[in-house]
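A.B. asks: What would the 3D arrangement of this be:
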Amino acid sequence: MSTILIVEDNDKNMKLMRDVLQHAGHATMEARTGEDAVQMAIAHPPDLILMDVQLPGMSGIAALQKIREQPTLQHVPVVAVSASVMPEDHRSIVNSGFDAFMTKPIAL
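C.D. replies: Below is the predicted model of the structure:
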């Protein structure tokens, strides 16, 4: 069983991702801010992080940079989750160091 950290500030999006992942047999952790995501990932390193890019306070990109600074988290894949589908935004997000990009709404 994989442990996946979901970083999402929208309650409906969080519930959807949590329900889908748990139904597939994964354990989930939840953070609503970039700051909380960094702290949770350090305290309990997950197998995967799904990170909203636009978060209150610290952005998902800034949180990713903090996570990548941690030697124990450098191997953890981090997937950007964003409603932005403009090609230049997609390139910018992927170029910031995310391992992959997933658009919202999430298709099941």
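
A.B. asks: for the biggest helix by length in the chain, which positions count as buried?
C.D. replies: The residue-count maximum for a helix in the chain (DSSP state H) belongs to helix 11-23. Within helix 11-23, the residues that qualify as buried are 13-14, 16-18, 21, counting by 16 or more other CB atoms under 10 Å. Every C-beta, even on glycine, is put in place using the N, C-alpha and C of the backbone.

A.B. asks: what about it, average pLDDT?
C.D. replies: Here the mean pLDDT over helix 11-23 is 94, rounded to a whole number.

A.B. asks: Please save the CA atoms from it in PDB.
C.D. replies: What follows is the C-alpha trace of helix 11-23 in PDB, where atoms were taken according to Å, rounded to 0.1, in the frame of the first residue of the first chain:
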ATOM      1  CA  ASP A  11     -12.700  20.700   0.100                       C
ATOM      2  CA  LYS A  12     -14.500  19.100  -2.900                       C
ATOM      3  CA  ASN A  13     -11.300  18.400  -4.800                       C
ATOM      4  CA  MET A  14      -9.700  17.000  -1.600                       C
ATOM      5  CA  LYS A  15     -12.600  14.700  -1.000                       C
ATOM      6  CA  LEU A  16     -12.600  13.400  -4.600                       C
ATOM      7  CA  MET A  17      -8.900  12.700  -4.600                       C
ATOM      8  CA  ARG A  18      -9.000  11.100  -1.100                       C
ATOM      9  CA  ASP A  19     -12.000   8.900  -2.000                       C
ATOM     10  CA  VAL A  20     -10.600   7.700  -5.300                       C
ATOM     11  CA  LEU A  21      -7.100   6.900  -3.800                       C
ATOM     12  CA  GLN A  22      -8.500   5.200  -0.700                       C
ATOM     13  CA  HIS A  23     -10.900   3.100  -2.900                       C
END
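
A.B. asks: Low-confidence bits of the chain, can you list those?
C.D. replies: Screening the chain residue by residue with the criterion pLDDT under 70, one finds the ranges 84-86, 105-108.

A.B. asks: Assign a three-state SS to the one residue sitting closest to the centre of it, would you?
C.D. replies: For the chain, Met51 is the residue whose C-alpha lies nearest the centre (CA atoms, centre = their mean; 1.7 Å). Put simply, Met51 is strand when judged by DSSP: H, G, I helix; E, B strand; the rest coil.
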